[in-house]
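Colleague: below: sequence and its predicted model.
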Amino acid sequence: MNRKDFIKVCSLLGISIPAMGLISSCTSQEKDQNSNQSSKNNTEVLIIGAGAAGLSAAYLLKKQGIGVKILEAKEDFGGRMMVDKSFTDFPLNYGAEWLSNEGWQKDELQKIADKPDAELNNKLFNDFPDQKFYKYSWYDFFKDYIINNLKNDIEYKAIVSQIDYHGEKVKATTENGTVYTAEKLIVTTPPSVLKSKKIAFLPALPKNKLDALDKLNCWGGFRAYVKLKAAIGCDWEEVAYNLHGQKIYYNASYKQDSSNHIVGVIAIGSYADAYHLNQQDLKNHILKELDAKYNNKATPNFLDLTYHNWDKDPYALGSYVSDFQPSTDFENLNNHIDNKLFFAGDSYTNGKQYGKVHIAAQSAKIAVAEILEIS
C-alpha cells in the first residue's frame, strides 16, 4: 500500500455519480407503497461483510440515496483491518498496516471526510521499507470517516449460511434463520470462505466462477506481538519471501512514542502452519525463534504475547491470495451473476493488483457502478 493508493481510497469513496433510484422505472408513489410494505430485513442492496470493500460499497450506495444493509458475521467491522488497542498504548494491526513512499495530496482526506481539518500526514512515517501509521490504522480511518454514516445499516453477528438468487429478489439467510431480502447483493467475503462452501448458493455458482475460485492459492496468515522488558535488537528482518509465503520479524513499537518494547511476527502462506499451536506451545515456539535470531535475548525479557491466527478465523480462513498468483487466474472472479449477485474485495479484481485496501475500495466502486448501470 502506498500514499498514492491511500489517495485512491479517499477519492474512490468521494466519487460523484448522478443520484438515481435502484429501480428507476418506479414512480414515487410506487416506491412509497413498497417502502410501507417492506420490513427492516428488506432493502435495496444487501452487502455480505463489513470489511474495506463492504463498507466502501455501502458508503457509495448511500451517497446515491440507495438503501443498504450490511450483514457482518463478527461483532465489529473491519475484516482484515482488525486491530488490538488493549495490549499496548498504540494500535497493533493484525492485518492491513503499511503504505509505501509516494506523493501525498493533503486535500484528499478532506474530500472523503467532508471535514476541512482532516489530516493524515501527521499519522505516517517512512523509516520501514514501507510507510507506517503513527498511533493510527486503516481501522481508525474507516471508524473516523466512514462508519458514522453506516451505524444503522450494519447487522453484527449475522452469519450468512445461504444466498438464494434464483427468484426476482435475492435472499440471504443467516445461521439463526433470519432472512434478508434485496434487489441486489454484493458478496465481499474472502475467496477462501467461498471455496470452503460455508455459504450455500441457490442455484450453485456458475462453473466459470467456481473454476476461478479453484485456481486461487489463498495463503494462510498469522500475526503475533511479543511484549518485552527491553529491546532485543530487532528492527526489520524478512526471514523469507518466496512461492511458499513470507515471514517477517520487526520492531512494532518503533516511532510509536511508547515505553513498551513490542516485536511483531508475521507469517504468511505455508509459513503460518508452524504457528498452529496452543497458547503455551506457541509462546515457546516464538521465543525459541527470536532467541535464535537475537542472541537469546527474547526469553529473559518476555512479558506477554498476543496474536491472531487468520487460518483459524472462520470468517477469513487465511490471509490473502498468493503474491505469485498469475493474473489470468482472476478471470471471471469479479463478474456479476444474473444482474443480481455482485462481488467486491481485494481479490475480486483483474489480477493486476490485489490484496490491498485501496484495491478493495476500487473493487467496491466497480460493483456499485455496475449496479447503477444495470438499474
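Modeller: Thanks, I have the structure now.
Colleague: please count neighbours and contacts with C-alpha atoms only from this point.
Modeller: OK.
Colleague: now do the buried residues in the longest helix along the chain.
Modeller: Counting by DSSP state H, the longest helix found in the chain is helix 357-374. Using 16 or more other CA atoms under 10 Å as the test for burial, helix 357-374 gives 357-369, 371-372.
Colleague: what do you get for stretch 286-300?
Modeller: 286, 287, 290, 291, 293, 297, 298.
Colleague: show the average pLDDT along it.
Modeller: Across stretch 286-300, the average pLDDT comes to 98.
Colleague: what's in contact with that stretch?
Modeller: 228, 232, 233, 234 (CA atoms under 8 Å, 6 or more residues apart in numbering).
Colleague: if you set the cut-off to 7 Å instead, what comes out?
Modeller: When contacts are defined by CA atoms under 7 Å, 6 or more residues apart in numbering, stretch 286-300 is touched by residues 232, 233.
Colleague: stretch 265-283 too?
Modeller: So stretch 265-283 is contacted by 219-225, 244-250 (CA under 7 Å, 6+ apart).
Colleague: quick one: residues contacting residue 73.
Modeller: 156, 157, 158, 159.
Colleague: for residue 139, state which of the residues you listed is nearest.
Modeller: Using CA to CA, residue 156 is the member of the contacts of residue 73 that sits closest to residue 139, with 16.5 Å.
Colleague: what's the neighbour count on the closest one?
Modeller: Residue 156: 16 surrounding residues under other CA atoms under 10 Å.
Colleague: and it, how far is that from residue 174?
Modeller: Separation of residue 156 from residue 174 (CA to CA, to the nearest Å): 11 Å.
Colleague: swap in residue 249?
Modeller: 39 Å.
Colleague: give the contact list for residue 248.
Modeller: Contacts of residue 248 (CA under 7 Å, 6+ apart): 237, 238, 239, 265, 266, 267.
Colleague: tell me the two of the buried residues of stretch 286-300 that are most distant?
Modeller: Taking CA to CA, no two of those sit farther apart than 286 and 297, at 12.3 Å.
Colleague: tell me where the model's unsure across the stretch 251-375 of the chain.
Modeller: Scanning the stretch 251-375 of the chain for pLDDT under 70 picks out nothing.
Colleague: pLDDT score assigned to the closest residue to residue 79 other than its chain neighbours?
Modeller: Distances taken as CA to CA, 6 or more residues apart in numbering place residue 51 nearest to residue 79, at 4.2 Å, with adjacent residues excluded. With respect to pLDDT, residue 51 has a value of 95.
Colleague: ok, now residue 158?
Modeller: For residue 158, the model assigns a pLDDT of 97.
Colleague: and the helices in the chain?
Modeller: Secondary structure of the chain (DSSP H): helices at 3-13, 28-37, 52-63, 107-113, 138-145, 191-195, 207-215, 279-293, 298-301, 357-374.
Colleague: okay, the contacts of residue 248 in JSON lines with neighbour count and distance to residue 210 next?
Modeller: JSON lines is the format used below for those (neighbours: other CA atoms under 10 Å; distance: CA to CA, whole Å):
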{"residue": "237", "neighbour count": "13", "distance to residue 210": "38"}
{"residue": "238", "neighbour count": "11", "distance to residue 210": "35"}
{"residue": "239", "neighbour count": "12", "distance to residue 210": "35"}
{"residue": "265", "neighbour count": "20", "distance to residue 210": "34"}
{"residue": "266", "neighbour count": "21", "distance to residue 210": "30"}
{"residue": "267", "neighbour count": "26", "distance to residue 210": "28"}
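Colleague: separation between residue 297 and residue 291?
Modeller: Taking CA to CA, one finds residue 297 at 6 Å from residue 291.
Colleague: cool, and residue 274?
Modeller: On the measure of CA to CA, residue 274 and residue 291 end up 16 Å apart.
Colleague: picking that back up, now do the same contact list for the residue nearest to residue 79.
Modeller: 77, 78, 79, 80.
Colleague: could you rerun that using 8 Å?
Modeller: So residue 51 contacts 77, 78, 79, 80, 81, 188 (CA under 8 Å, 6+ apart).
Colleague: what count of nearby residues applies to the last one?
Modeller: Residues lying near residue 188 (other CA under 10 Å) number 28.
Colleague: again, but for the second one
Modeller: Burial of residue 78 is recorded as 24 neighbouring residues (other CA under 10 Å).
Colleague: state the distance from it to residue 205.
Modeller: 26 Å.
Colleague: kindly report the same for the fourth one.
Modeller: Residue 80 sits 25 Å away from residue 205, going by CA to CA.
Colleague: compare neighbour counts for the two and give me the winner.
Modeller: A count of neighbours by other CA under 10 Å puts residue 80 above the other of residue 80 and residue 205, at 24 against 14.
Colleague: the more buried one: what's it in contact with?
Modeller: Taking CA under 8 Å, 6+ apart, one finds 51, 94, 95, 96, 316, 319 in contact with residue 80.
Colleague: now those: which count as buried?
Modeller: Here, 16+ other CA under 10 Å leaves 51, 94, 95, 96, 316, 319 buried among the contacts of residue 80.
Colleague: now, among those, which is nearest to residue 45?
Modeller: Looking across those and measuring by CA to CA, the closest to residue 45 is residue 51, at 16.2 Å.
Colleague: ramachandran coordinates for that closest one?
Modeller: phi -90, psi -160 (degrees, to the nearest 10).
Colleague: would you check how far apart it and residue 71 are?
Modeller: 11 Å.
Colleague: what about residue 41, neighbour count?
Modeller: 14.
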